[in-house]
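Asker: Attaching a predicted model along with its sequence, questions to come.
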Amino acid sequence: MIIREFRPSDLKRVFEIENMSFSQSYGINTFKGLYDMGTGFLVAEEDGYVIGYIIFWIKYENQGHIISLAVDKNYRRLKAGTRLLSKAIQVLMMFDIANIYLEVNENNCGAYKFYKQFNFKVDRIVPNYYDGGDGAIVMYLPIIRSR
Ligand SMILES: CC(C)(COP(=O)(O)OP(=O)(O)OC[C@H]1O[C@@H](n2cnc3c(N)ncnc32)[C@H](O)[C@@H]1OP(=O)(O)O)[C@@H](O)C(=O)NCCC(=O)NCCS
């Protein structure tokens, strides 16, 4: 498995993975727009086939933000998510940020556990965050730097 920068030719495949992973989609044009804006955008590739992606940026001056992360259903629990998130954290840490934030659906136990084992903490719950009324758990990873 390799982690590499997203390329526009990956767009359809990334959109496919997003669609199988979330009930609410950002839409292909938003993905294209995020890429054009220069957000962090990485994919995991297994034997030339894209199996996952992560999109991230610096939302405020000192705050990293994971916009979207998903792995193809048929390739989960093989550490693609871990590899993608680790690389995104590594990139974000090159900037002077204090925390990395993300939102996870309150009913998404798998993703919650995934982020917990990365040491993400719960910040707050935002009711009715998603279409359909589900709430979001806002989580953050404090960035600790060794001097
Ligand atoms: C969350 C997600 C990205 C994890 O990707 P992944 O490649 O399957 O995760 P990894 O293989 O790196 O998992 C690492 C560890 O996280 C935990 N974990 C991951 N998925 C889990 C699940 N469904 N249930 C419980 N723990 C889970 C486990 O501790 C796992 O280690 P183990 O497999 O040795 O037990 C993937 O399940 C996914 O795409 N889900 C749908 C989209 C989503 O929820 N995205 C995040 C919301 S913001």
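Answerer: Done, it's in.
Asker: Going by C-alpha atoms from here, please, whenever you check contacts or count neighbours.
Answerer: Noted.
Asker: Tell me which helix or strand comes right after the longest strand along the chain.
Answerer: Scanning the chain for the strand with the most residues, using DSSP state E, yields strand 49-60. Following strand 49-60 in sequence order, the next helix or strand is strand 63-71 (DSSP states H and E).
Asker: any idea of the angle the helix or strand just after that following strand forms with strand 63-71?
Answerer: Beyond strand 63-71 in the direction of the C-terminus, DSSP H and E gives the next helix or strand as helix 80-92. Here helix 80-92 runs at an angle of 160 degrees relative to strand 63-71 (axes from the mean of the first three to the mean of the last three C-alpha atoms, to 10 degrees).
Asker: what's the neighbour count on Lys121?
Answerer: For Lys121, the neighbour count with other C-alpha atoms under 10 Å is 17.
Asker: List the beta-bridge partners for it.
Answerer: Here Lys121 shows beta-bridge partners Tyr140, assigned using DSSP bridges.
Asker: Ala70 too?
Answerer: Under the criterion used (DSSP bridges), Ala70 bridges to Tyr53.
Asker: and it, what is it in contact with?
Answerer: For Ala70, the contacting residues are Ile17, Glu18, Ser21, Gly52, Tyr53, Ile54, Gly81, by C-alpha atoms under 8 Å, 6 or more residues apart in numbering.
Asker: try 10 Å
Answerer: Counting by C-alpha atoms under 10 Å, 6 or more residues apart in numbering, Ala70 touches 14, 17-22, 43, 51-55, 76, 80-81, 84, 111.
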